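**Q** Prediction below, plus the sequence it came from.
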Amino acid sequence: MSAGICIMNKQAIALAADSAVTVGDHAAIHNSANKLFSLSRVAPVGLIIYANASLMSVPVEIIVKEYKKQLADRSFQKLEDYVNDFIAYIESNNELFRLNLNEEDYVTSVFKDLMYGLLCDNKNMVCSQIDNLKRPLTDEEAKATFETACKQTLTFVDSIPKRADNNFSDYVKKNYLPHFIQLLLDDSSFKWIAKDLVQELCEKSCEIFDTDFYRSGYVGIAVAGYGNSEIYPNMIHMHISGYLNRKLRYCIRETVSIQEDNTASVVPLAQTDVMQTFLFGINDRFLSDLSQQMPIQINQNIDSIDESLFAPGKKDSVRAQINKVTEHVLQHVAEIARNDYMRPIIQSVSSLPIEELALLAESMINITSLRRKVALDRNIGTVGGPIDVAIISKGDGFIWLKRKHYFDRKYNPQYFYSHFDKIRRGDVDED
C-alpha cells in the first residue's frame with residue numbers, strides 16, 4: 001500500500017509520495033520503495049505510482065526508466081500525448097518486458113478475483129440465513145442460497161458498463177475458457193457450485209475483461225506536468241491492469257486541468273481516507289457506509305413497527321418518504337464537506353507559492369503516515385518511510401526537493417562522476 005498526492009495551481013505542481021511497500025498480506029513492509037519519478041529528461045512531466053509496484057511481475061520503476069531513456073529529448077504538445085506515447089511504448093515492447101510470458105497468470109488472477117467475490121458472497125448469504133433461521137440450512141435451502149450467490153455474480157458482471165475499445169472477451173473465451181472451467185472443478189472451495197452453473201459462470205467471467213473491473217490487481221499511475229503548448233498544469237490519473245492480446249488493459253480514472261475557472265486542485269492517491277478527512281471533514285468510505293447503513297437501519301425499524309400504527313396501505317409510503325429524506329441528508333452532508341471544508345482549502349491553494357505547495361504535499365503524506373503508525377487497524381504500517389517531494393513548473397521543469405538514495409553519496413563519488421558523464425551522452429537518465 002502507499003500514499004501519494006498531486007497538488008496544482010497556476011504556478012506549479014507539487015508531487016509527494018511515501019516509501020512503504022507491502023509484501024503479500026502484510027507478510028512484510030519495506031520503507032524504501034521509489035514511487036515518484038520524472039518522466040522526461042527535458043520536459044516538465046512527473047509521475048507517481050501506487051497500488052501494485054509491478055506490472056505483470058515487471059517492476060514499474062524499470063518500465064518508467066526505460067521509457068524515459070528512449071524518450072530522450074523528444075517532447076509533446078500536450079500532457080495526454082506523453083500518456084499515449086507511454087502506453088504505446090509498453091505495448092510495442094512487450095517482449096522486452098516479457099509481458100506476453102505472464103499473460104496466463106494475469107488472466108487467471110482476474111478470474112480468481114471475481115470468483116473470490118463469489119465465495120465471499122456465498123459465505124455471507126449462508127451465515128445470514130443461519131442467523132435468521134437459528135438452525136443449519138437444509139440441503140434444499142443451501143442449494144437455493146448457492147444458486148442465488150451465483151446469479152448475483154452473473155448480474156454483477158452484467159451491471160458493469162462494457163468498454164467498446166477493449167474487445168478482450170472473445171480472445172479470453174477462445175483461449176482461456178477451458179482453463180477457467182478446470183480451475184473451478186479442481187478447487188474444493190467451489191464444489192458447492194452446480195455443474196450447469198460452472199459453464200455459465202466461466203463464460204460470463206470472460207466478459208469482465210471488457211469492463212473496468214480491477215479490484216486490487218492494478219498499477220495506479222498519476223502523470224502530471226505540461227505539454228509544450230500548455231501554460232497551466234494538467235494531471236491524468238489512470239489504472240493499468242495488465243497486458244492482454246498485445247494491448248494494455250487500462251482505464252483513465254480522472255483528468256484534471258488548471259484553467260481560469262479551476263485555479264487549484266488537490267488529488268490524493270492510493271490511501272486517501274486520512275487526506276480526504278483533512279480536506280472534506282469526511283472521507284469517501286465513511287460516506288459510503290452512511291449511505292448504505294442508514295436506509296438499512298431505517299427499513300428494518302419500520303418493518304418492526306406494528307401495522308396497526310399506520311393508516312391502511314400507508315406503511316410503504318412512509319418508508320419511501322423517510323428514504324427520500326435520508327438521501328437529502330446525505331446530499332447535505334456532501335455539500336457541507338465541499339463548501340465548508342474543501343472550498344476554503346482550494347481557495348488558499350490557488351494562491352500558494354511554490355515552496356508552500358511542496359510543504360502542503362509533504363504534510364498530507366505525513367499525517368497519513370502518522371495515522372498508519374498509531375491506529376491499530378488492518379492498515380497499520382502501510383504508509384511510511386522517507387517522503388519524496390518534487391515540484392514541476394513550466395519554467396524550471398522537474399525539481400527534486402526531497403529524494404532518498406539507497407546509498408550514501410560521500411562513499412560513492414565515482415557514481416556521480418560516471419553517471420553525470422552518461423547523462424551528458426544521453427545513455428542514462430537522472431533517476
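**A** The structure has been received and is ready for your questions.
**Q** Name the nearest residue to residue 352, ignoring sequence neighbours.
**A** residue 9 (6.2 Å; Cβ to Cβ, 6 or more residues apart in numbering). Every residue, glycine included, has its C-beta placed from N, CA and C.
**Q** for residue 106, that is, sorry about that
**A** Closest to residue 106 by Cβ to Cβ, 6+ apart is residue 242, at 4.1 Å.
**Q** what packs against the host helix or strand of that neighbour?
**A** Secondary structure assigned from DSSP states H and E places residue 242 in strand 234-244. Helices and strands touching strand 234-244, by 3 or more Cβ pairs under 8 Å, 6 or more residues apart in numbering; DSSP states H and E, are strand 54-55, helix 79-92, helix 103-133, strand 219-225, strand 247-257, strand 264-270.
**Q** relative to strand 264-270, how tilted is the helix or strand following the last one?
**A** So that's strand 264-270. The helix or strand immediately downstream of strand 264-270 is helix 273-280, counting by DSSP H and E. Between the axes of helix 273-280 and strand 264-270, defined by axes from the mean of the first three to the mean of the last three Cα atoms, to 10 degrees, the angle is 160 degrees.
**Q** Any idea how far helix 273-280 is from the middle of the chain?
**A** 17 Å (Cα atoms, centre = their mean, to the nearest Å).
**Q** Give the buried residues for stretch 176-188.
**A** Judged by neighbour count (16 or more other Cβ atoms under 10 Å), stretch 176-188 contains these buried residues: 176, 180-181, 183-184.
**Q** what about the most centrally placed residue in the chain, distance to residue 114?
**A** Against the mean C-alpha coordinate of the chain, by Cα atoms, centre = their mean, the closest residue is residue 220 at 5.3 Å. Residue 220 sits 20 Å away from residue 114, going by Cβ to Cβ, to the nearest Å.
**Q** now residue 218
**A** Distance from residue 218 to residue 114, by Cβ to Cβ: 14 Å.
**Q** Ok, residue 285 next?
**A** Counting by Cβ to Cβ, the gap from residue 285 to residue 114 is 22 Å.
**Q** Same question for residue 197.
**A** According to Cβ to Cβ, residue 197 stands 14 Å off from residue 114.
**Q** Repeat that for residue 37.
**A** 32 Å.
**Q** These two: which has the busier surroundings?
**A** residue 37 (24 against 19; other Cβ atoms under 10 Å).
**Q** quick one: secondary structure of the more buried one?
**A** Following DSSP: H, G, I helix; E, B strand; the rest coil, residue 37 is assigned to strand.
**Q** next one: residue 155
**A** Residue 155 falls in the helix class when you classify it by three-state DSSP.
**Q** residue contacts, it?
**A** Residue 155 makes contact with no residue under the criterion Cβ atoms under 8 Å, 6 or more residues apart in numbering.
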